[in-house]
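Enquirer: sequence below, structure please.
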Amino acid sequence: MKTACPEHPEAAWQSFVMHPFQPEGVPAGPIVSGPAGPGTGLELTGQIRRRGWTLELAMRLVGDLASVVLAAPSSRPERRDDLWRSTCFELFIAAAGEPVYREVNLSPSGHWNVYRFSSYRQGMENERSLQALPFEFKPVPGSIELALAWPLPDDLRAAKACLEVGVCAVIEQRHGQLSYWALTHPGVEADFHRRDGLLLRF
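Expert: Have a look, this model is predicted:
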């Protein structure tokens, strides 16, 4: 169920727990025997809030971190495509009732991208209002942490409707195994673009 939209832009932190998509035939609970399912041994949680015209996000990955493939930090972070092909933290955001939405990709390397879509998977283009994105990955003992403070684009600031947000991640583990994490997986396939997966409201 979607959370209620606050009456003002100064919202309290909303905590969330993410879950890996489980393909048909893979048990959702702990693996007792047999091959491990996607995301086994990991936990991904976070907090998010809208503070004025800025969206603030904190995410924390814990568990079997030795199994996680992380791109080395770049000395010159830049906008790049295809970051989701390896470990990548993501955010989807739209104004309620509007077909336009945005996809944010954040790599542990420091590379990033923000795409604007005119409707479901249509009209993809780079978000032209951005030349950089203020975020940081912080490897600390026992966890990998992400902090993002994103000044929202003008049209989202001006939206009279609530903002709907989905928080997601792609985690690459050993042997190239990818797991797809989100607050919910409403379809038979992992699909972060689905509007019924944008559960958080601001």
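
Enquirer: in this structure, what secondary structure element scores lowest on mean pLDDT?
Expert: strand 135-140 (a mean of 90; mean pLDDT, DSSP states H and E).

Enquirer: can you list the residues that contact that strand?
Expert: Strand 135-140 is contacted from outside by 70, 73, 106, 108, 110, 112, 144-150, using C-beta atoms under 8 Å, 6 or more residues apart in numbering. To be clear about C-beta, it is placed using only N, CA and C from the backbone, and glycine gets the same treatment.

Enquirer: whichever of the residues you listed end up buried, select them in ChimeraX.
Expert: With 16 or more other C-beta atoms under 10 Å as the burial test, the buried ones among the contacts of strand 135-140 are selected in ChimeraX as follows:
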select :70,106,108,110,112,144,146,148,150
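
Enquirer: follow-up on the earlier one: could you check the least confident helix or strand of the chain and say which residues are buried?
Expert: Buried-residue list, strand 135-140, by 16+ other C-beta under 10 Å: F135, F137.

Enquirer: next one: stretch 147-166
Expert: L148, W150, L152, P153, L156, A159, C162, L163, E164, V165, G166.

Enquirer: so how far is P134 from the second one?
Expert: When C-beta to C-beta, to the nearest Å is applied, the distance between W150 and P134 equals 7 Å.

Enquirer: same check on the fourth one?
Expert: As judged by C-beta to C-beta, P153 and P134 stand 14 Å apart.

Enquirer: strands along this structure, start to end?
Expert: 14-20, 42-51, 54-63, 88-95, 101-106, 112-117, 125-126, 135-140, 143-151, 163-172, 178-182, 200-201 (DSSP state E).

Enquirer: in TSV: those, plus distance to F192.
Expert: As requested, the strands of the chain are arranged in TSV below (distance: least, C-beta to C-beta, whole Å):
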stretch	distance to F192
strand 14-20	11
strand 42-51	14
strand 54-63	15
strand 88-95	6
strand 101-106	8
strand 112-117	12
strand 125-126	18
strand 135-140	18
strand 143-151	16
strand 163-172	4
strand 178-182	6
strand 200-201	13
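
Enquirer: lowest average confidence across those strands, which one?
Expert: Sorting those by mean pLDDT places strand 135-140 lowest, at a mean of 90.

Enquirer: and the gap between P134 and C162?
Expert: 24 Å.

Enquirer: OK, contacts around the nearest residue to C88 once chain neighbours are set aside?
Expert: Closest residue to C88 apart from its sequence neighbours, by C-beta to C-beta, 6 or more residues apart in numbering: V170 at 4.9 Å. Counting by C-beta under 8 Å, 6+ apart, V170 makes contact with W84, R85, S86, T87, C88, E90, L178, S179, Y180, W181.

Enquirer: how about L83?
Expert: N105, L106, S107, H111, W112, N113.

Enquirer: go on, S67?
Expert: G41, L42, Q173, R174.
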